[in-house]
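A.B. asks: A structural model of the following input is requested.
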Amino acid sequence: MRIYLVGGAVRDKLLGRPEGDRDYVVTGACPEDLLALGYKPVGKDFPVFLHPQTGEEHALARTERKSGRGYHGFEFHADPAVTLEQDLARRDLTINAIAEDEHGALIDPYGGVRDLEARVLRHVSPAFAEDPVRLLRVARFAARFAPLGFTVADETMAMLRQMVAEGEVDHLVPERVWAETRKALAEAQPSAFLRVLRGAGALRVLFPEVDALYGVPQRAEFHPEIDTGVHMELVLDAAAAIAPGDDLVGFCTLTHDLGKALTPAAELPRHVMHEQRGVAPLRALAARLKVPTEHAALAELVCREHLNAHRALELKPATVLKLLTALDALRRPERLETFLAACLADKRGRLGHAHDAYPQADWLRRARAAAAAVSAAPFVAQGLAGPAIGTAMERARIAAIAELPK
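C.D. replies: Presented below is the predicted three-dimensional model:
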């Protein structure tokens, strides 16, 4: 029996990045061997065990064979005769198909180290095309490693396009699409996720509402990048810098301008009412991918209200309170912070504006604090009751906001 460290832990060690979970492959063993050593079985579809001391995952070396459509359509085979090289061959990318033995020696049968040095994301074998989730994974790895200079190999992009053309992507279930998208939105450069999907022709299949933004012009004086799709990519990357690892902010920025794809051609490059037009496609996307309720709710608020945030210093105090109330910001200040991060990303997601100041954010925080400081106690003491208390508190909050210096 031999045990090898595999996958992301080896890759990240070679890149000098912090290691995440450590996964191991076991060769020359059967399930009974690991059970006798105290390993705990956890795998449902194939033999995976937890180490009795460390709790780290150890999987028996296995091969897989395509037996149907989609990512569920596989049969797995694991026995002591399966070699490490055979196990590594079923992995997605060469950089994830490197193993390390107990002495620290690397086993790299598919050139993963070479591709790490060349900053290339390349598929291991033609079997890559059998699992549509891998298309999303390549796009997600592009989002993670684009800041390091990684690009997708030409032959891998060709395979991704072939997978889309042959309909493999049509068999992805919403939960898997959302799971990979959510991870991608938390990566360092989410725009790369969209560019890979778009280059493969998968964006129009999986995210038609987002794909429709490309080629839609905006007014150059406000958006030097002009193309709405390019703007959305810039906003995504700005959000990743403002709120690193926050997929909620990422989803809000991904969907904030969907209404611009619905602007009548005669009105272009202006986009009057795009905030309202964007609600329907956002709801459709969120429902189709079964997006979490809070993600969908806050994204809709960002879609509808981001221009009000930009105009915050000019809004009437009553309108400011209405915005804060819509966000439920008086009770949940963290929602205001998510909203402001997305709006700041929208402000900075324009060519030449990556470092713009955004005084509106501090003003809205101060307005929230002033409004939240108003309590019911004085009005109860005055003898008010029922709805009258709420009316008096609303007036007092508007007055408190009006008194704030700008």
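
A.B. asks: mean confidence (pLDDT) on the top helix by length along the chain, please.
C.D. replies: As assigned by DSSP state H, the longest helix anywhere in the chain is helix 293-310. For helix 293-310, mean pLDDT rounds to 98.

A.B. asks: next secondary structure element downstream of it?
C.D. replies: Per DSSP states H and E, the first helix or strand lying C-terminal to helix 293-310 is helix 317-326.

A.B. asks: all strands for the stretch 51-200 of the chain, in order.
C.D. replies: 57-60, 63-66, 74-77, 99-100, 106-107, 120-121, 151-152 (DSSP state E, counting those that start in this stretch).

A.B. asks: ok, back up a step: just the angle between the longest helix of the chain and helix 317-326, please?
C.D. replies: On the basis of axes from the mean of the first three to the mean of the last three CA atoms, to 10 degrees, helix 293-310 is oriented at 160 degrees to helix 317-326.

A.B. asks: just list what helix 293-310 packs against, helices and strands only.
C.D. replies: Judged by 3 or more CB pairs under 8 Å, 6 or more residues apart in numbering; DSSP states H and E, helix 293-310 is in contact with helix 247-255, helix 274-277, helix 279-288, helix 317-326, helix 333-348, helix 359-372. Just so you know, the C-beta spots here come from the backbone N, C-alpha and C atoms, and that holds for glycine as well.

A.B. asks: how much does the fourth one deviate in direction from helix 359-372?
C.D. replies: Going back to what we said before, that points to helix 317-326. 80 degrees.

A.B. asks: which elements pack onto helix 317-326?
C.D. replies: Taking 3+ CB pairs under 8 Å, 6+ apart as contact, the helices and strands that helix 317-326 lies on are helix 293-310, helix 359-372, helix 387-402.

A.B. asks: what's the per-residue pLDDT of the closest residue to Pro359 other than its chain neighbours here?
C.D. replies: Of all residues not flanking Pro359 in the chain, Leu313 sits nearest, at 6.9 Å (CB to CB, 6 or more residues apart in numbering). Leu313 is assigned 97 on the pLDDT scale.

A.B. asks: distance of Leu313 from Pro333?
C.D. replies: Taking CB to CB, to the nearest Å as the measure, Leu313 falls 20 Å from Pro333.

A.B. asks: neighbour count winner among these two?
C.D. replies: Neighbour totals were compared for Leu313 and Pro333, and Pro333 leads with 15 against 11 (other CB atoms under 10 Å).

A.B. asks: show me what contacts that one?
C.D. replies: Going by CB atoms under 8 Å, 6 or more residues apart in numbering, Pro333 touches Arg368, Ala372.

A.B. asks: and the pLDDT at it?
C.D. replies: 97.

A.B. asks: so how far is Leu301 from Glu64?
C.D. replies: On the measure of CB to CB, Glu64 and Leu301 end up 44 Å apart.

A.B. asks: repeat for Asp154
C.D. replies: For Asp154, the distance to Leu301 - CB to CB - is 42 Å.

A.B. asks: for Thr338, same thing?
C.D. replies: 9 Å.

A.B. asks: coming back round to it: highest average neighbour count across the helices and strands packed on helix 293-310?
C.D. replies: Mean neighbours per residue, mean count of other CB atoms under 10 Å, is largest over the helices and strands packed on helix 293-310 for helix 247-255, with a mean of 27.

A.B. asks: neighbouring contacts of that one?
C.D. replies: 182-183, 185-186, 190, 209-210, 232, 235-236, 238-240, 242-243, 278, 282, 285-286, 291, 294-295, 298-299, 302-303, 338-339, 341-342, 345-346, 349.

A.B. asks: can I get that helix as CSV, trimmed to CA atoms?
C.D. replies: Presented in CSV, the C-alpha positions along helix 247-255 are these (Å, rounded to 0.1, in the frame of the first residue of the first chain):
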residue,chain,number,x,y,z
ASP,A,247,-19.6,36.1,-3.3
LEU,A,248,-22.7,38.0,-2.2
VAL,A,249,-21.2,41.3,-3.3
GLY,A,250,-20.0,39.5,-6.4
PHE,A,251,-23.5,38.4,-7.3
CYS,A,252,-24.9,41.8,-6.7
THR,A,253,-22.4,43.3,-9.1
LEU,A,254,-22.8,40.6,-11.7
THR,A,255,-26.5,41.4,-12.0
